[in-house]
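In: sequence unknown, structure follows:
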């Protein structure tokens with residue numbers, strides 16, 4: 001419905017934004033639930049196959065993304081925006097019919113019934129058990145209120161995202177500090193389930209810098225590509241098709257060649273190791289684009305083919321972080337929290353983009369721009385190297401935390 005609104009209301013701003021709202025609503029329903037639905041098809045007897053299927057699931061997503069990135073710019077230029085927006089809407093309608101028709105062929109785990117020992121109920125009991133926890137949660141509300149009060153200056157999106165993150169972070173810290181206060185009022189397994197979720201949220205937060213780098217391939221990297229030489233028929237935005245194409249190559253290469261070879265050498269690519277390396281790989285990609293930006297800033301132009309190299313490292317990072325993160329999040333989440341934890345994993349993408357908004361807002365400050373000028377770099381090149389350093393710091397922090405993380409197994413019993 002959202003795509004059809006975009007197609008119908010190309011020249012009507014209210015209708016167009018209504019279509020975007022429908023897409024956001026639908027995406028928020030699909031993304032956390034479809035990943036949990038994939039995991040629900042497995043139990044303790046066949047969970048070893050779940051990683052393969054999560055990889056295949058992500059491969060198929062990128063199969064669609066490849067053709068969309070390659071063809072939609074052509075449709076937009078030659079057939080107009082109504083067709084470019086309408087075709088994905090038609091495909092979504094067909095996919096919905098197919099999924100509904102095959103609904104009886106899947107394992108359907110029913111929603112958890114109202115539970116007095118749910119994550120939120122245990123968290124509420126923990127916060128109520130002592131003053132420090134309530135103070136921390138209150139600080140989150142204060143920070144959120146301040147962010148919303150400055151919405152006109154910060155921008156509504158930054159203010160809303162900051163408010164949400166502040167409330168989750170401070171409330172989570174308060175629950176963690178007093179979680180033992182919930183024992184006796186809730187079963188031990190419920191308390192430990194909350195502890196597990198909070199540990200996972202810490203890891204998710206450390207993944208957010210990766211998304212701040214990855215999602216700029218659709219903005220910063222396209223703008224850089226505009227300054228490069230390319231064939232007349234090729235549009236800068238079409239370079240993004242390289243990302244899903246590489247995903248489709250790297251997923252089978254990693255599973256069939258790289259991981260088995262490393263295992264024979266005595267190095268097991270565990271989920272947490274893959275994520276750590278993936279975050280660092282994204283930093284390497286941005287070192288390359290930063291170097292290319294320096295050349296462009298000097299007035300020298302070169303072919304867009306040079307962007308292939310950073311795309312390889314960024315896509316390697318995506319495969320190691322995103323596909324691994326989906327399966328890892330599912331395996332660590334208690335049964336009643338599967339979709340909720342997947343929602344938090346998707347929220348890490350939002351926080352990653354929040355970092356970008358904050359950095360872009362900072363470079364409007366004269367003090368910041370004066371400092372950047374003193375380094376001899378242009379603003380764009382400086383930001384690129386900043387984000388690379390941001391990723392390396394995040395990879396180091398994630399690796400250190402991961403070393404002490406107690407991995408659990410919450411796949412359902414057969």
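Out: That came in fine, so what should we check first? Model, not experiment: these values are computed from the prediction.
In: the closest residue to residue 319 other than its chain neighbours sits in which helix or strand?
Out: Spatial nearest neighbour of residue 319, chain neighbours left out: residue 250 (4.9 Å); criterion: C-beta to C-beta, 6 or more residues apart in numbering. For the C-beta atoms, the positions are set from N, CA and C on the backbone; glycine is no exception. Take DSSP states H and E as the rule and residue 250 turns out to sit in helix 242-253.
In: cool, and residue 372?
Out: Assessed by DSSP H and E, residue 372 sits inside helix 366-375.
In: what's the following helix or strand after that helix?
Out: helix 379-403.
In: list the contacts of the helix or strand hosting residue 148.
Out: According to DSSP H and E, residue 148 maps onto helix 131-149. For helix 131-149, contacts defined as C-beta atoms under 8 Å, 6 or more residues apart in numbering pick out 126-128, 154, 158-160, 162-164, 166-171, 173-175, 177-178, 181.
In: same check on stretch 20-33?
Out: 1-3, 5-6, 339-340, 342-343, 345-346.
In: in helices only, show me the residues you listed.
Out: Counting by DSSP state H, the contacts of stretch 20-33 place 2-3, 5-6, 339-340, 342-343, 345-346 in helices.
In: Three-state assignment for the residue nearest to residue 8 when sequence neighbours are not counted, please.
Out: The spatially closest residue to residue 8, leaving aside those adjacent along the chain, is residue 15, at 6.7 Å (C-beta to C-beta, 6+ apart). Of the three states, residue 15 takes helix under DSSP: H, G, I helix; E, B strand; the rest coil.
In: which ones are touching residue 15?
Out: 5, 8-9.
In: give me the longest helix you can find in the chain.
Out: Per DSSP H, the chain has its longest helix at helix 50-79.
In: could you identify the helix or strand that succeeds it?
Out: Heading C-terminal from helix 50-79 (DSSP H and E), you reach helix 81-101.
In: what helices or strands is that following helix leaning on?
Out: When contacts are defined as 3 or more C-beta pairs under 8 Å, 6 or more residues apart in numbering; DSSP states H and E, helix 81-101 packs onto helix 2-8, helix 50-79.
In: how far does stretch 96-106 stretch from one end to the other?
Out: 15 Å (C-alpha to C-alpha, to the nearest Å).
In: got the helices and strands packed on helix 81-101 as CSV, with distance to residue 85 columns?
Out: Shown next, in CSV, are the helices and strands packed on helix 81-101 (distance: least, C-beta to C-beta, whole Å):
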stretch, distance to residue 85
helix 2-8, 4
helix 50-79, 9
